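Undergrad: Build the 3D model from these lines:
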Amino acid sequence: MSQMIRILAINGSYRDDGITDQAVEATVKALRKSGAEVDTILLREHQFEFCLNCRACTQEPGDAPGECVHEDGMRELVDRIERADGYILAAPTNFGSVTAIFKRFMERLVVYAYWPWGAHSPAFRKASLPQKKAIVFSSCAAPGLLGRWIYGTNKQLKMTAQTIGAETVGTLVTGLIAGEPGARLPERMRRRAETLAEKLT
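TA: Sure, this is the predicted structure:
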């Protein structure tokens, strides 16, 4: 690489060393080996409030994120999103969707919308800028094919990427992960995770 690429991994898993953590870590190692700088956010380690749906953050025009009325840990997370050149977005599937903590995080990303009063729908602040790249990881207890096409997890992860100004260039869905305690990421999925790192560099 001609210059240092900064990748931000945002992990919405609740559990240390679960399948989601293992998949993200495999990609992070491959990225660092290629010379990228990688920053990881474990959402389970951060405190931030629920979105109030007040839309105060959506009123000022521009491509910079709006200012939330909450003065909490989300401001630091948005700053880290802004500094990154690309993203890994990851969450297991809980009840057919991303985890509650990832959903809370998603809702607070409304700062990336411009939605003045009177407008019928919001506009993405980053839509007119060059798109960054993102890869998305999800896992589920069902077979991976069902996880990819039936559950909402991948769609929500891709929506998150679009919101922060990134195009999804790769996906990984790991299925059948709940058959035994302490499940390990299958070797073919580990290799796939490592290969996806190349799409971000």
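
Undergrad: which residues in the protein form strands?
TA: Taking DSSP state E, the strands of the chain run over residues 6-11, 37-42, 86-92, 113-114, 123-124, 132-139, 166-174.

Undergrad: Okay, buried residues for the third one please.
TA: Buried residues in strand 86-92, counted by 16 or more other C-beta atoms under 10 Å: 86, 87, 88, 89, 90, 91, 92. The way it works is simple: take the backbone N, C-alpha and C, and place the C-beta from them, glycine included.

Undergrad: which residues touch the second one?
TA: Meaning residue 87. Applying C-beta atoms under 8 Å, 6 or more residues apart in numbering, we find residue 87 in contact with 7, 8, 9, 10, 81, 132, 133, 134, 135, 161, 164, 166.

Undergrad: List just the nearest of those residues to residue 196.
TA: residue 135 (4.9 Å; C-beta to C-beta).

Undergrad: State the number of residues packed around that closest one.
TA: Neighbourhood size, residue 135 [other C-beta atoms under 10 Å]: 26.

Undergrad: What's opposite it in the beta bridge?
TA: Going by DSSP bridges, residue 135 is paired in beta bridges with residue 88, residue 170.

Undergrad: Just checking, which helix or strand of the protein averages the lowest pLDDT?
TA: In the chain, no helix or strand scores lower on mean pLDDT, DSSP states H and E than helix 144-149, which sits at a mean of 82.

Undergrad: same for that helix, what does it pack against?
TA: Packing partners of helix 144-149 (3 or more C-beta pairs under 8 Å, 6 or more residues apart in numbering; DSSP states H and E): helix 153-163, strand 166-174.

Undergrad: starting at the chain centroid, how far to that helix?
TA: Relative to its chain's centre, helix 144-149 lies at 18 Å (C-alpha atoms, centre = their mean, to the nearest Å).

Undergrad: Could you list the low-confidence segments of the protein?
TA: Low-confidence regions of the chain, defined by pLDDT under 70, span residues 1-2.

Undergrad: The lengthiest helix in it: how far from the chain's middle?
TA: The longest helix of the chain (DSSP state H) is helix 19-33. The chain centroid and the centroid of helix 19-33 are separated by 14 Å under C-alpha atoms, centre = their mean.

Undergrad: Show me the contact partners of it.
TA: Under C-beta under 8 Å, 6+ apart, the answer for helix 19-33 is 5, 7, 9, 11-13, 15, 38, 40, 88, 90-92, 135, 137-139, 172, 174, 177, 183-185, 189-190, 193-194, 196-198, 200-201.

Undergrad: which of the residues you listed count as buried?
TA: For the contacts of helix 19-33, buried by 16+ other C-beta under 10 Å: 5, 7, 9, 11-13, 38, 40, 88, 90-92, 135, 137-139, 172, 174, 177, 185, 189-190, 193-194, 196-197, 200.
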